[in-house]
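Enquirer: turn this into a model:
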Amino acid sequence: MISVANKNASEEARKLVQFLYDCAGKKIITGQHTQTNPMEEISYIKSVTGHEPFLRGFELLGYSPNINYDDADEACLIEVEENKGTAETALAWAKENNASDIKCMLTFSFHWFSPVGGRDKSFYAKNTDFDPEKVLVDGSPENRAFYSDMDHISEILEKFKQEKIPILWRPFHESYGTWFWWGRKGPELACKLYRMMFDYYVYEKHLDNLVWVWNCDVASAYPGDEYVDVNSIDVYLEEKKATDYKTEYEKLVGACGKNKVCALAEVGYNPDVDLVEASKVPWVYYMSWSKEFAMDGVRNTKDELSRMYSSDYSVKL
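Expert: Now for the predicted structure:
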């Protein structure tokens, strides 16, 4: 059995990590993000291909405790409203498809509204003056709010633990950029926040169903193998091209090493399954982003979806 970051990881979490290692370089797991309960992306993919993604992504932004409803524009309010109930939907889907026995896979994205202050979509740094560096100061308002929010989210994650459902947990994503509050002072600080969450969720909350996914390709910010199960990167190419994302893979392992499996945690354009099969670049899974990225017929055409989901190299439902 492959070693995991959390030495007390549940049997189901360990089985999921083992499954990922068994697939890497031999198969690629299909994935799709959804952020609304109707999950139109899944229906669309099934109508085109006859299959559903093996990995389904859900969004927790609407569960942020510090949403400023009084100072939010219509787009923000719609997004929060659409997101309500997604954790319950995720739980029902994971149970129905037997995620406990790795008959499907579940991942959460968390666009975390800043724990203190902010307006509108305050997961964006431009909409909050929240200083993530002050989280490191014990007893500070930022520190207390950070842990209070983690307590709130841990109650959601605990429900999955009780049902023996493992979760690919990807906090503080895209910390190589400054657009989210956790990345505004650099990825090295985001790494410290990630480690704080890991220690709290592993040793205090005992959320042993989490499989820890790091999402950054900056070497100086890598948390260390003892904190990570999966290394990942988000890639939105400026122009569409058929690709196996080999360049991005090489940069990721150059920063984080080769001891962990690697994933395309978000993409705008799916990898070309024929190129990935030929090159054996060992991406273990990819996850397309939601709505137009999945369904506009341009970013990922019906023919490309059909080739992906009909290929013997892809893992799907």
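
Enquirer: burial check on Ile42, number of neighbours?
Expert: 17 (other CB atoms under 10 Å). All C-beta atoms are positioned from the backbone trio N, CA, C, and that covers glycine.

Enquirer: can you give me the strands in the stretch 101-250 of the chain?
Expert: In the stretch 101-250 of the chain, the segments counted as strands under DSSP state E, counting those that start in this stretch are 105-109, 167-169, 210-215, 230-235.

Enquirer: those strands: which one's closest to Gly50?
Expert: Nearest of these to Gly50, taken as CB to CB: strand 105-109 at 19.6 Å.

Enquirer: need the contact partners of the closest one.
Expert: Applying CB atoms under 8 Å, 6 or more residues apart in numbering, the contact partners of strand 105-109 are 16, 29, 31, 33, 35, 54-61, 90, 93-94, 99, 160, 165-170, 173, 213, 265-266, 285, 287.

Enquirer: let's see which of those residues end up in strands.
Expert: Counted as lying in strands by DSSP state E, out of the contacts of strand 105-109, are 29, 31, 33, 55-59, 167-169, 213, 265-266, 285, 287.

Enquirer: just the buried subset of the residues you listed, please.
Expert: 29, 31, 33, 55-59, 167-169, 213, 265-266, 285, 287 (16 or more other CB atoms under 10 Å).

Enquirer: Tyr286 and Ala92: what is the separation?
Expert: According to CB to CB, to the nearest Å, Tyr286 stands 24 Å off from Ala92.

Enquirer: looking at these two, which one has more neighbours?
Expert: In this view Tyr286 and Ala92 are compared by other CB under 10 Å, and Tyr286 has more residues nearby, 27 against 11.

Enquirer: isn't that one right up against Pro271?
Expert: Yes. Judged on CB atoms under 8 Å, Tyr286 makes contact with Pro271 at a distance of 5.6 Å.

Enquirer: what's the closest non-adjacent residue to Ile29?
Expert: Tyr285 (3.6 Å; CB to CB, 6 or more residues apart in numbering).

Enquirer: just confirm the one you found contacts Thr30, I think it does.
Expert: Yes. Contact criterion CB under 8 Å: Tyr285 and Thr30 qualify, at 7.5 Å.

Enquirer: find the residues that touch each one of those two.
Expert: Common neighbours of Tyr285 and Thr30 (CB under 8 Å, 6+ apart) are Phe54, Leu55.

Enquirer: OK, contacts around Cys104?
Expert: Cys104 touches Phe54, Leu55, Arg56, Trp93, Ala94, Asn97, Asn98, Leu317, counting by CB under 8 Å, 6+ apart.

Enquirer: hmm, back to that, now do the shared contacts for Tyr286 and Pro271.
Expert: What both Tyr286 and Pro271 touch, as defined by CB under 8 Å, 6+ apart, is the set Ile28, Leu264.

Enquirer: which parts of the stretch 201-317 of the chain are helices?
Expert: Remark: helices assigned in the stretch 201-317 of the chain by DSSP state H, counting those that start in this stretch are 246-256, 273-279, 292-295, 302-310.

Enquirer: ok, the stretch 51-200 of the chain next?
Expert: 74-83, 86-96, 141-162, 187-199.

Enquirer: out of these, which is the most enclosed?
Expert: Neighbour counts (mean count of other CB atoms under 10 Å) averaged over each of the helices of the stretch 51-200 of the chain peak at helix 187-199, with a mean of 20.

Enquirer: what angle do that one and helix 246-256 make?
Expert: Between helix 187-199 and helix 246-256, the angle comes out at 70 degrees (axes from the mean of the first three to the mean of the last three CA atoms, to 10 degrees).

Enquirer: helices or strands up against helix 187-199?
Expert: Here helix 187-199 touches helix 141-162, going by 3 or more CB pairs under 8 Å, 6 or more residues apart in numbering; DSSP states H and E.

Enquirer: what's in contact with the helix it packs on?
Expert: Counting by CB under 8 Å, 6+ apart, residues outside helix 141-162 touching it are 10, 60, 63-66, 87, 90-91, 94, 106, 110, 112, 115-116, 130-132, 134-137, 166-167, 169, 193, 196-197, 200-201, 205, 207-210.
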